[in-house]
Each structure stands twice: as structure tokens, then as C-alpha cells.
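[1] With the input below, show me the fold.
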Amino acid sequence: MGRKSIKENKNVYQVAREKLELTRDQAAEKLQYISADRIEKIESEKVIPHPEEVLTMGQTYAEPGLWNYYCTNECPIGMKHIRKVERKELSQITIEMLAALNDLEEDKDRMVEISVDGKVTEDEKKDFIKISKELDEIASVVASLKLWVEHAILEGKMN
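    Alright, predicted model coming up:
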């Protein structure tokens with residue numbers, strides 16, 4: 001039986017494993033092709049995990065947030081193009097989505113006016129930027145909802 005870690009600054013991979021009260025050996029057994037030594041190197045940040053390893057850990061540990069963490073913190077492409085997603089409660093996600101959609105509802109006619117000619121003129125830029133930010137908010141809320149759903153599926157709370 002492995003010892004319990006007393007390390008203070010645990011990375012997300014170690015936290016996810018320990019949340020299930022798995023030793024590295026037990027985790028390696030469940031992860032099948034990732035050895036306990038490799039897990040130790042990942043958790044002590046001696047190596048960056050491969051994408052396939054993170055996919056497997058996220059699935060096995062029922063922690064889809066690992067996927068977003070990897071993409072936004074360790075993958076050079078993801079760090080540039082993927083947004084960080086916070087895990088939130090469904091009620092908070094719903095309220096944020098309704099607020100963002102209400103904001104956008106007020107501006108949808110203006111967006112049609114701006115885009116009808118296929119150009120954004122100087123006098124339209126300010127409104128276009130505002131609407132673009134509202135769309136970013138909606139994208140962020142949708143990403144949070146997707147994370148919530150993935151987590152619910154992995155925990156067996158949803159099909």
C-alpha cells in the first residue's frame with residue numbers, strides 16, 4: 001500500500017488521483033498503460049504528460065477538467081487558442097447563460113445592420129467589439145456547460 005502524500009503544492013493530476021483515494025500503483029492498474037513511475041513523473045512535473053495520457057486520466061479519474069487544463073496550460077497550440085474553463089454549478093451556468101443571451105438579444109438587430117454589407121466600418125467598430133465580447137461570454141458559458149455535462153456523464157449521473 002502506498003503512502004499518503006504530504007506534498008503541499010500538488011498538481012491537478014495528483015489532486016484528481018487522490019480525490020479517488022488511489023495510490024500511484026492502483027492508478028497505474030486502472031490506467032493500464034501508464035506506469036506508476038510515469039504517474040510520479042507527471043505529478044512531480046518532471047515530465048509533461050502526453051495528450052493520450054491526459055485523455056485516459058480524465059476518463060479514469062472522472063475529471064474532464066484535466067483535458068481543459070492540459071490544453072490551456074501545457075499544449076502550445078491550446079495555450080494560444082483554447083479558453084480556460086471553470087467548473088461551475090449548473091444553476092450558476094444557467095444564470096450566466098440567460099444574462100449573456102439577454103445582452104445579445106438587445107444587440108442582435110445592430111449586428112444585422114453592421115454585417116449586412118460584409119464590412120465593419122469605423123462608426124460600427126465600437127458596437128461590433130461590444131457584441132463580439134458578448135459572444136465570447138456566451139462561448140465561455142457554453143464551455144462551462146459542456147464541462148459540467150462531461151463530468152456528469154463520467155460520474156454516471158447522466159447518459
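[2] Return the list of helices and strands in contact with the helix or strand hosting residue 94.
    If you go by DSSP states H and E, residue 94 is part of helix 90-115. Packing partners of helix 90-115 (3 or more Cβ pairs under 8 Å, 6 or more residues apart in numbering; DSSP states H and E): helix 125-154. Every residue, glycine included, has its C-beta placed from N, CA and C.
[3] Which other helices and strands does the helix it packs on contact?
    Using 3+ Cβ pairs under 8 Å, 6+ apart, helix 125-154 sits against helix 65-73, helix 90-115.
[4] Next, the buried residues of the last one.
    Burial within helix 90-115, assessed by neighbour count using 16 or more other Cβ atoms under 10 Å, is assigned to 93, 96, 97, 100, 103, 107, 111, 114.
[5] For residue 97, which non-adjacent residue is spatially closest?
    residue 141 (4.6 Å; Cβ to Cβ, 6 or more residues apart in numbering).
[6] Quick one: residues contacting the one you found.
    93, 96, 97, 100 (Cβ atoms under 8 Å, 6 or more residues apart in numbering).
[7] how many neighbours does the closest residue in space to residue 90 that isn't next to it in sequence have?
    Nearest non-adjacent residue to residue 90, counting by Cβ to Cβ, 6+ apart: residue 148, 5.8 Å away. For residue 148, the neighbour count with other Cβ atoms under 10 Å is 19.
[8] ok so, going back, may I ask which of the contacts of residue 141 comes out lowest in pLDDT?
    Of all those, residue 100 carries the smallest pLDDT score, 90.
[9] check contacts around that one.
    With contact taken as Cβ under 8 Å, 6+ apart, residue 100 is in contact with 134, 137, 138, 141.
[10] Which one of those is nearest to residue 39?
    residue 141 (33.6 Å; Cβ to Cβ).
[11] I am finished for the moment; much appreciated.
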